[in-house]
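Student: I'll drop the sequence and a predicted model, then ask my questions.
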Amino acid sequence: RAIERAELAENKLKGIEEELQAVGENMKQLELSAEKAVEREEKLKDKILQIQQKYKAAEGRFEYGEMNITKLNQRIDDIEDEIYREKLKIKKCADDLGETFDDMLAHY
């Protein structure tokens, strides 16, 4: 009877040892998974930081470009105004020249 109990206890002990070994293996796997997850997290944080820096640089270029467009549009407006004024001067000169020719024809 005592031998049976000892064998039973020994079998239970072996089962518990096997479970403990399995738990140990699971723990190792979980630790490896956790390490890999931490590495992935660090890589993703670095990538996020890089993307944020690229975004800020792109935003700066966008603002600079917008500013240049505004300046160019103003310059275009100024040139169009200048062209209009020059056309008016040319028209006045042409009108004056026409009147001069008319006077010359009328008097000579």
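Tutor: Right, received. Where do you want to start?

Student: From here on, just use CA atoms for contacts and neighbour counts.
Tutor: Will do.

Student: Identify the residue nearest the geometric centre of the chain.
Tutor: Geometric centre of the chain, nearest residue: residue 55, 3.6 Å, by C-alpha atoms, centre = their mean.

Student: any idea which element that one lies in?
Tutor: Element membership for residue 55, per DSSP states H and E: helix 2-107.

Student: and that helix, what other elements does it pack with?
Tutor: The helices and strands touching helix 2-107, judged by 3 or more C-alpha pairs under 8 Å, 6 or more residues apart in numbering; DSSP states H and E, number zero.

Student: Just the mean pLDDT for that helix, thanks.
Tutor: For helix 2-107, mean pLDDT rounds to 96.

Student: quick one: contacts for the residue nearest to the centre of the chain?
Tutor: For residue 55, the contact set (C-alpha atoms under 8 Å, 6 or more residues apart in numbering) is empty.

Student: Begin at 46, not 1, for the rest of this chat.
Tutor: Yep, numbering from 46; the last one is residue 100 now.

Student: how much space between it and residue 93?
Tutor: 10 Å (C-alpha to C-alpha, to the nearest Å).

Student: so what's in contact with those two at the same time?
Tutor: Counting by C-alpha under 8 Å, 6+ apart, residue 100 and residue 93 have no common neighbour.

Student: Can you tell me how far residue 105 is from residue 112?
Tutor: 11 Å.

Student: again with residue 124
Tutor: From residue 124 over to residue 112 (counting by C-alpha to C-alpha), the distance is 18 Å.

Student: do you know how far the residue nearest to the centre of the chain is from residue 73?
Tutor: 40 Å.

Student: Please apply the same query to residue 139.
Tutor: Relative to residue 73, and taking C-alpha to C-alpha, residue 139 is found at 97 Å.

Student: and if you look at residue 63?
Tutor: Relative to residue 73, and taking C-alpha to C-alpha, residue 63 is found at 15 Å.

Student: Ok, residue 103 next?
Tutor: For residue 103, the distance to residue 73 - C-alpha to C-alpha - is 45 Å.

Student: Run a quick neighbour tally on residue 112.
Tutor: 12 (other C-alpha atoms under 10 Å).
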